[in-house]
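S.K.: Generate coordinates for the sequence data below:
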Amino acid sequence: MNKKLITSGILASFLATTGLASVAVAQANAPAPAFKVEQAVEIALAQVPGEVQETELEREDGMLVYEIDILTADGVEMEVEISADTGEVLDIEAEDDSDDDDDHYSDNG
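M.R.: Numbers count the residues shown, from 1 in each chain. Below you'll find the model as predicted:
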């Protein structure tokens with residue numbers, strides 16, 4: 001009985017480690033974004049002046065996107081999404097605690 005538990009534990013640990021290694025290799029092999037985070041921040045601040053609170057690089061719908069949170073002078077937290085490949089501003093929205101989409105500002109309609 002103990003041999004089965006030990007063997008199962010070792011196998012589970014191996015699979016978990018292998019899975020994490022596969023994710024790390026996949027991320028390491030992913031192409032680097034064409035625009036650096038500093039360039040994306042400049043683009044975002046040109047759209048929404050303020051103080052950058054946070055930047056994230058995420059994959060959305062198969063595309064690398066910078067999400068840049070900016071605190072404006074009047075205290076509104078805005079999120080600017082920028083394509084990491086083209087530098088295009090994809091979306092600008094006011095951040096709030098709700099999940100509704102009433103606060104979207106977008107050039108795309």
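
S.K.: Can you pull out the low-pLDDT segments for this structure?
M.R.: Applying pLDDT under 70 to the predicted model, the residue ranges of the chain that meet it are 1-30, 97-109.

S.K.: Helices of that one, start to end?
M.R.: Assigned by DSSP state H, the helices in the chain fall at 2-29, 37-47.

S.K.: Show me the contact partners of stretch 73-91.
M.R.: With contact meaning CB atoms under 8 Å, 6 or more residues apart in numbering, stretch 73-91 is reached by 33-35, 39-40, 43-44, 47-50, 53, 57, 60, 63-72, 92-95, 104-108. For glycine as for every other residue, the C-beta is placed from the backbone atoms N, C-alpha and C.

S.K.: Would you map out the domains in the protein?
M.R.: 1-30, 37-105 (automatic domain parsing).

S.K.: Hmm, residue 92 and residue 50 touching each other?
M.R.: No - taking CB atoms under 8 Å as the contact criterion, residue 50 and residue 92 are not neighbours in contact, 11.9 Å apart.

S.K.: Which strand residues bridge residue 56?
M.R.: Following DSSP bridges, residue 56 is listed with bridge partners residue 67.

S.K.: Hmm, residue 41 and it touching each other?
M.R.: No - under the criterion of CB under 8 Å, residue 56 makes no contact with residue 41, lying 11.8 Å away.

S.K.: Looking at those two, which one has more neighbours?
M.R.: The residue with more neighbours, out of residue 56 and residue 41 and counting by other CB atoms under 10 Å, is residue 41; that gives 17 against 12.

S.K.: Filter the contacts of stretch 73-91 down to the buried ones.
M.R.: In those, burial by neighbour count holds for 33, 35, 40, 43-44, 48, 50, 64-71, 92-93, counting by 16 or more other CB atoms under 10 Å.

S.K.: what's residue 39 in contact with, if anything?
M.R.: residue 87.

S.K.: Distance-wise, check it relative to residue 74.
M.R.: The span separating residue 39 from residue 74 equals 26 Å under the rule CB to CB, to the nearest Å.

S.K.: for residue 62, same thing?
M.R.: Residue 62 sits 36 Å away from residue 74, going by CB to CB.
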